[in-house]
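**Student:** okay, sequence plus prediction incoming.
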Amino acid sequence: ETGVTQTPRHLVMGMTNKKSLKCEQHLGHNAMYWYKQSAKKPLELMFVYSLEERVENNSVPSRFSPECPNSSHLFLHLHTLQPEDSALYLCASSQSGLATHEQYFGPGTRLTVT
Amino acid sequence: LAKTTQPISMDSYEGQEVNITCSHNNIATNDYITWYQQFPSQGPRFIIQGYKTKVTNEVASLFIPADRKSSTLSLPRVSLSDTAVYYCLVGYNFNKFYFGSGTKLNVKP
């Protein structure tokens, strides 16, 4: 499989549940990202990992916990979410964190918090 | 953080050339200008990137004036499948990219 894959594609969870989103890139890239896209809102950058180290955390609530065990995998652990966290969560990767290297996005996970 | 201003929406017809202009008055010396395309419920897809003057690839052209305070994405002979949201981004590092609301292009038959 090529490109950036995300699982699951759809997820419904209650506010007390714990779940994880998975992202995998098969491009040999060194940087990976989590974005959140809510209805009628701009795409928001949540976390950036470069060479498996977190380099950016844009004031994201602690109920979102990222994990990057290696350069090919990125997880977003979710716990005690709120209904307003319902959104499309997108993973992306790039050769480096520099804008001269294009970002490749996965198809996203559509999350619904009930 | 160089923010951008784009029209919220544009309409066009199949076969026409579409030009979407983006303003980025506080662009920094090291910043690149990048355009992405996004279809509903999908991740954005890279279209084109430039630093100055003109860049052309198989899907689009990017025009950047000398002062770099704006840029124009040109899509030649659009089709219905070009209906999407187009984002203009300015930056040097991805952790400083700001996607904004983008321009929703609606191509009509």
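**Tutor:** That came through, no problem. Because the structure is predicted, anything quoted here is derived from the model rather than measured.
**Student:** and the residue of chain B nearest chain A?
**Tutor:** Going by CB to the nearest CB, chain A is nearest to B:G43 of chain B, at 2.7 Å. C-beta coordinates here come from the backbone N, C-alpha and C atoms, glycine included.
**Student:** so which helix or strand takes in the residue lying farthest from the centre of chain A?
**Tutor:** The outermost residue of chain A relative to its centre, with distances by CA atoms, centre = their mean, is A:T100 at 21.2 Å. A:T100 belongs to no helix or strand when elements are defined using DSSP states H and E.
**Student:** who in chain B is up against chain A?
**Tutor:** Within chain B, the positions adjacent to chain A are B:31-32, B:34, B:36, B:41-46, B:49, B:87, B:89, B:91-95, B:97-102 by CB under 8 Å from any CB of the partner chain.
**Student:** run the last query once more with 6 Å
**Tutor:** B:Y32, B:G43, B:P44, B:F46, B:G91, B:Y92, B:N93, B:F94, B:N95, B:F99, B:G100, B:S101 (CB under 6 Å from any CB of the partner chain).
**Student:** low-confidence bits of the chain, can you list those?
**Tutor:** Answering for chain A, as no chain was given. Across chain A, the ranges flagged by pLDDT under 70 are A:1-2.
**Student:** chain B is the one I meant
**Tutor:** Applying pLDDT under 70 to chain B flags the ranges B:1-2.
**Student:** what about 90?
**Tutor:** Residues of chain B meeting the criterion pLDDT under 90: B:1-4, B:40-42, B:91-101.
**Student:** in it, which spans are strands?
**Tutor:** For chain B, the strands defined by DSSP state E cover B:9-13, B:18-23, B:32-38, B:45-50, B:53-56, B:61-64, B:70-75, B:84-91, B:103-108.
**Student:** hey, which of those is tucked in deepest?
**Tutor:** Ranked by mean neighbour count under mean count of other CB atoms under 10 Å in any protein chain shown, these are led by strand B:84-91, which reaches a mean of 24.
**Student:** now do the contacts for the residue of chain A found nearest chain B.
**Tutor:** Minimum separation of chain A from chain B (CB to the nearest CB) falls at A:F105, amounting to 2.7 Å. By CB atoms under 6 Å, 6 or more residues apart in numbering or on different chains, the residues touching A:F105 are A:L90, A:A92, B:G43, B:P44.
**Student:** which residues does A:Y33 bridge with?
**Tutor:** With DSSP bridges as the criterion, A:Y33 is bridged to A:V48, A:A92.
**Student:** isn't it up against A:Y49?
**Tutor:** No - if you go by CB atoms under 6 Å, A:Y33 and A:Y49 don't touch, sitting 7.4 Å apart.
**Student:** with neighbour numbers in mind, choose between the two.
**Tutor:** Each of A:Y33 and A:Y49 has its neighbours counted (other CB atoms under 10 Å in any protein chain shown); A:Y33 has more, 25 against 21.
**Student:** A:R110 - how many residues pack around it?
**Tutor:** Using other CB under 10 Å, A:R110 has 16 other residues around it.
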